[in-house]
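>>> Predicted model follows, preceded by the sequence.
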Amino acid sequence: MIPGVQTDLSALKFNQLSVVGLTAAALLFRQPWLIAALGAAMLAGAVWPKRSPMKAAYLAASPLLGLKPNLVGESPEAHHFAQGVGGAFLLASALALLSGLTGLGVVLGFVVIGLVLLNLTKSVCVGCWMYFQYKMLRYRLTAKA
């Protein structure tokens, strides 16, 4: 753990519930533009976490929903990586839907929903695991050099 580095679990849960709800609604009502906007917001949040549209939505909704920060001593880097992967999948889903590849677009959207639900219900973050594997690979490659 890095001293002073924290992750807000309430923000993560809010974002996860938002992704599931918005992606499901966009797929149900056939609105690929909504999937594209959500994917872009997620990617922006992964690249610029302090200026994230997802963070802005959480901060705006928190007082209305009575959400309180739940800070834990954990680096948010893995979660940002996972958010970026999810955003990329949603952008690919939107692109597929807009290109007439409906089956592929729907599958990619449901992959995101399924992985987010896995994280929400079982605390299994596949994107975080991918990040860990990436960091381990970098470590092994630099250790051999």
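Noted; the coordinates are in hand. Residues are numbered from 1 along each chain as shown.
>>> Could you use CA atoms for every contact and neighbour count after this?
Will do.
>>> need the strands for this structure, in chain order.
7-8, 71-72 (DSSP state E).
>>> So which of those strands is nearest Thr23?
strand 7-8 (22.6 Å; CA to CA).
>>> average pLDDT for that closest one?
What strand 7-8 shows for mean pLDDT is 94.
>>> Check stretch 75-82 too.
Mean predicted lDDT for stretch 75-82 stands at 95.
>>> got it, and stretch 118-125?
Mean predicted confidence for stretch 118-125 is 96.
>>> Pull out the buried residues from it.
119, 125 (16 or more other CA atoms under 10 Å).
>>> OK, contacts around the residue most central in space within the chain?
Geometric centre of the chain, nearest residue: Gln83, 2.7 Å, by CA atoms, centre = their mean. Counting by CA atoms under 8 Å, 6 or more residues apart in numbering, Gln83 makes contact with 42-43, 45-46, 127.
>>> Relative to Phe89, how far out is it?
Note on Gln83: its distance to Phe89, by CA to CA, to the nearest Å, is 10 Å.
>>> and what of Ser52?
18 Å.
>>> out of these two, which sits in the more crowded spot?
Neighbours were counted for Ser52 and for Phe89 using other CA atoms under 10 Å; Phe89 has more, 22 against 17.
>>> Leaving out sequence neighbours, find the closest residue to that one.
Leu108 (6.2 Å; CA to CA, 6 or more residues apart in numbering).
>>> Can you report how many residues neighbour the one you found?
Count around Leu108 with other CA under 10 Å applied: 22.
>>> Pretty sure Val72 sits against Leu12.
No. Look at Val72 against Leu12 with CA atoms under 8 Å: they stay out of range, at 11.5 Å.
>>> higher neighbour count, these two?
Leu12 (19 against 12).
>>> where does that one land on pLDDT?
95.
>>> Turn the strands of the chain into TSV, columns for distance to Ser93.
TSV is the format used below for the strands of the chain (distance: least, CA to CA, whole Å):
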stretch	distance to Ser93
strand 7-8	28
strand 71-72	32
